[in-house]
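# missing the sequence, but the structure's below:
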């Protein structure tokens, strides 16, 4: 069975600083990988996804993620964080066509002015 | 442009009471899901439905039942609510094509006293 680990429960960065959120997965085949963001009181919004091909994936809101098979990682990055990026971020791995998702525990991002 | 709609948004129950959470999607998706979200645990799958007329257990099905009423609607029922079921519940749907992500509703915040 697949699993996802997000090692950092909370991260605080200053506005304008760079950001990297870590995600490690365990899955026996080629994974389908996702990053979702959840603002307070809201549902989950898809930031980006990896299915195949180029290992550097661009998403919405200036986010990108890099799939590294050798490290079983799919870390999320942003070069310059904005106050509106404060939210909780979830990494997920999908089985098959991505229908069945397994989520990590989430990383809560706080942004200092 | 509603996407996935969940009702109610908030609910407080007493232990032992029953309740049905409603979910409807307008994207003509075959697959629908119910998750619960608890702090530090990400989202865990309760039940899913791959198509109208079919339902299957997910990771944490105990204490819940589901009904796939038609292609649009997928309800979650708590027959005898317990404090351990206090959580935020999310419904999601998914199309049939490989590159489509899951779409989430805004959640139902359920407290059981």
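Alright, I've got the coordinates. Every value quoted in this text rests on a predicted model; they were computed, and no experiment measured them. Numbers count the residues shown, from 1 in each chain, chains lettered A, B, ... in the order given.
# Now do the same contact list for the spatially most central residue of chain A.
Centroid-nearest residue in chain A, with CA atoms, centre = their mean: residue A:35, separated by 3.6 Å. By CB atoms under 8 Å, 6 or more residues apart in numbering or on different chains, the contact list for residue A:35 reads A:21, A:23, A:46-49, A:59, A:63, A:65, A:74, A:76, A:89-92. Yep, even glycine has a C-beta here, placed from its N, CA and C like the rest.
# Quick check on residue A:69: phi, psi?
Per-residue torsions, residue A:69: phi -60, psi -40 (degrees, to the nearest 10).
# Up against chain B, what does chain A have?
Contact residues, chain A versus chain B (CB under 8 Å from any CB of the partner chain): A:4, A:6, A:9, A:34, A:36, A:41-46, A:49, A:51, A:90, A:92, A:97-101, A:103-106.
# If any of these are buried, give me the ChimeraX selection for them.
In ChimeraX, a selection of the buried entries from these looks like this (16 or more other CB atoms under 10 Å in any protein chain shown):
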select /A:4,6,34,36,43,44,45,46,49,51,90,92,97,98,99,100,101,103,104,105,106
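# Which of the residues of chain A next to chain B fall within helices?
Judged by DSSP state H, helices contain none of the residues of chain A next to chain B.
# which bits of chain B sit near chain A?
Going by CB under 8 Å from any CB, the residues of chain B near chain A are B:4, B:31, B:33, B:40-45, B:48, B:50, B:90, B:92, B:94, B:96-102, B:104-107.
# can you do 7 Å?
B:31, B:40-43, B:90, B:94, B:98-99, B:101-102, B:104-107 (CB under 7 Å from any CB of the partner chain).
# filter those residues to the buried ones?
Of these, these count as buried by 16+ other CB under 10 Å: B:31, B:42-43, B:90, B:94, B:101-102, B:104-107.
# thinking again about what came up before, just the buried subset of the contacts of residue A:35, please.
Buried, going by 16+ other CB under 10 Å: A:21, A:23, A:46-49, A:59, A:63, A:65, A:74, A:76, A:89-92, out of the contacts of residue A:35.
# Looking at those residues, which is nearest chain B?
Minimum distance to chain B across these is 4.6 Å, recorded for residue A:46 (CB to the nearest CB).
# where are the low-confidence patches of chain B?
Scanning chain B for pLDDT under 70 picks out B:1, B:98-99.
# show me where it has strands.
B:4-7, B:10-13, B:19-25, B:31-37, B:43-49, B:56-57, B:64-68, B:74-78, B:87-94, B:103-104, B:108-112 (DSSP state E).
# Report the beta-bridge partners for the spatially closest residue to residue B:108 that is not a sequence neighbour.
Leaving aside its chain neighbours, residue B:108 sits nearest to residue B:89 (4.7 Å; criterion: CB to CB, 6 or more residues apart in numbering or on different chains). Beta-bridge pairing of residue B:89 under DSSP bridges involves residue B:36, residue B:108.
# In contact with residue B:71, which residues?
Counting by CB atoms under 7 Å, 6 or more residues apart in numbering or on different chains, residue B:71 touches residue B:52.
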